[in-house]
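A structural model of the following input is requested.
(chains A and B)
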Amino acid sequence: DAGVIQSPRHEVTEMGQEVTLRCKPISGHNSLFWYRQTMMRGLELLIYFNNNVPIDDSGMPEDRFSAKMPNASFSTLKIQPSEPRDSAVYFCASSFRTDPYSNQPQHFGDGTRLSIL
Amino acid sequence: GQNIDQPTEMTATEGAIVQINCTYQTSGFNGLFWYQQHAGEAPTFLSYNVLDGLEEKGRFSSFLSRSKGYSYLLLKELQMKDSASYLCAVRAEDSNYQLIWGAGTKLIIKP
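All right, here's what the predicted structure looks like:
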């Protein structure tokens, strides 16, 4: 079975440019998560969706970040304008469901390594 | 507030046993996950505990004590490929039941 698919794997761009990260969750999973990982702050949840609906975006750093999930098989995370401090590895993860009693693990994509110059 | 503590780095010898500890302070605990992350790769799920006690999966076991806010991951018969970071993540009411992640423990296996 295909896992979570993210693209691009690497992105290097100049400050001020728009960056779009893409994610295809595992088929049948109805929860999708966007994370950011850095050495300083570890793994941080940015936003998550249940059944394509954004549930909690309190982790989104600021208005420059936005995420969409137009259908069950696709999500994007956009940064506009990008800044050097946005440089990090961005992971997308999916799971069958997320609720207080779920033992379903999250499955991670390979991540996008983003460098903003 | 929410807090998860893990040792930053540990070293162990191939063939030996190592225990990686995780302590947490949260409200409304509702499950703890362990993940493995090799350098430059994605985290992969290892184990889940929600009740007190030991869960065994082959060479890996995970233990939970809810009253102490404590878990450990036990790795037996260590292999070189076990060199990785091990992340502890807790689901709790005060994080709206989303995972709070520890900073991870980097495990170095020596021959």
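
who touches residue A:107 in this structure?
Contact partners of residue A:107, counting by CB atoms under 8 Å, 6 or more residues apart in numbering or on different chains, are A:3-4, A:26, A:29, A:93-95, B:45. C-beta: built from backbone N, CA, C; applies to glycine.

centroid residue for chain A?
Centroid check for chain A by CA atoms, centre = their mean gives residue A:34 as the closest residue, at 2.6 Å.

Shouldn't that one be within a helix?
No: checked against DSSP: H, G, I helix; E, B strand; the rest coil, residue A:34 lies outside a helix; its state is strand.

Residue B:71 sits in which helix or strand?
Assigned by DSSP states H and E, residue B:71 belongs to strand B:70-75.

If we go by neighbour counts, what in whatever helix or strand comes next after that strand is buried?
Downstream of strand B:70-75, the first helix or strand assigned by DSSP H and E is strand B:84-92. Neighbour counts using 16 or more other CB atoms under 10 Å in any protein chain shown place B:84-92 of strand B:84-92 among the buried residues.

which residues are contacting strand B:84-92?
By CB under 8 Å, 6+ apart, strand B:84-92 touches A:43, A:100, B:2, B:4, B:6, B:20, B:22, B:24, B:26-39, B:43, B:46, B:71, B:73, B:97-102, B:104-107.

And those, which of them are buried?
Looks like the contacts of strand B:84-92 have A:43, B:4, B:6, B:20, B:22, B:24, B:26, B:29-37, B:43, B:46, B:71, B:73, B:97-102, B:104-107 buried, using 16+ other CB under 10 Å.

Not counting sequence-adjacent ones, nearest residue to the residue nearest to the centre of chain A?
Nearest residue to residue A:34, sequence neighbours excluded (CB to CB, 6 or more residues apart in numbering or on different chains): residue A:46, at 4.4 Å.

Now do the helix or strand harbouring the one you found: distance to the chain's middle.
Take DSSP H and E as the rule and residue A:46 turns out to sit in strand A:42-50. A distance of 7 Å separates the centroid of the chain from that of strand A:42-50, by CA atoms, centre = their mean, to the nearest Å.

immediately after that strand, which helix or strand?
strand A:53-56.

Run the contact check for that following strand versus chain B.
Yes: using CB under 8 Å from any CB of the partner chain, strand A:53-56 reaches chain B at residue A:56.

where does chain B have low pLDDT?
Residues of chain B meeting the criterion pLDDT under 70: B:1-2.

quick one: the strands in it?
Using DSSP state E, the strands of chain B run over B:3-5, B:9-13, B:18-25, B:29-37, B:44-49, B:53-57, B:60-65, B:70-75, B:84-92, B:99-101, B:105-110.

which of the residues in the fifth one are buried?
For strand B:44-49, burial by neighbour count (16+ other CB under 10 Å) applies to B:45-49.

That one pairs with which strands?
strand B:29-37 (antiparallel) (DSSP bridges).

Also the last one?
Using DSSP bridges, strand B:105-110 pairs in its sheet with strand B:9-13 (parallel), strand B:84-92 (antiparallel).

Next: the third one.
Strands flanking strand B:18-25 in the sheet, each with its direction: strand B:3-5 (antiparallel), strand B:70-75 (antiparallel) (DSSP bridges).
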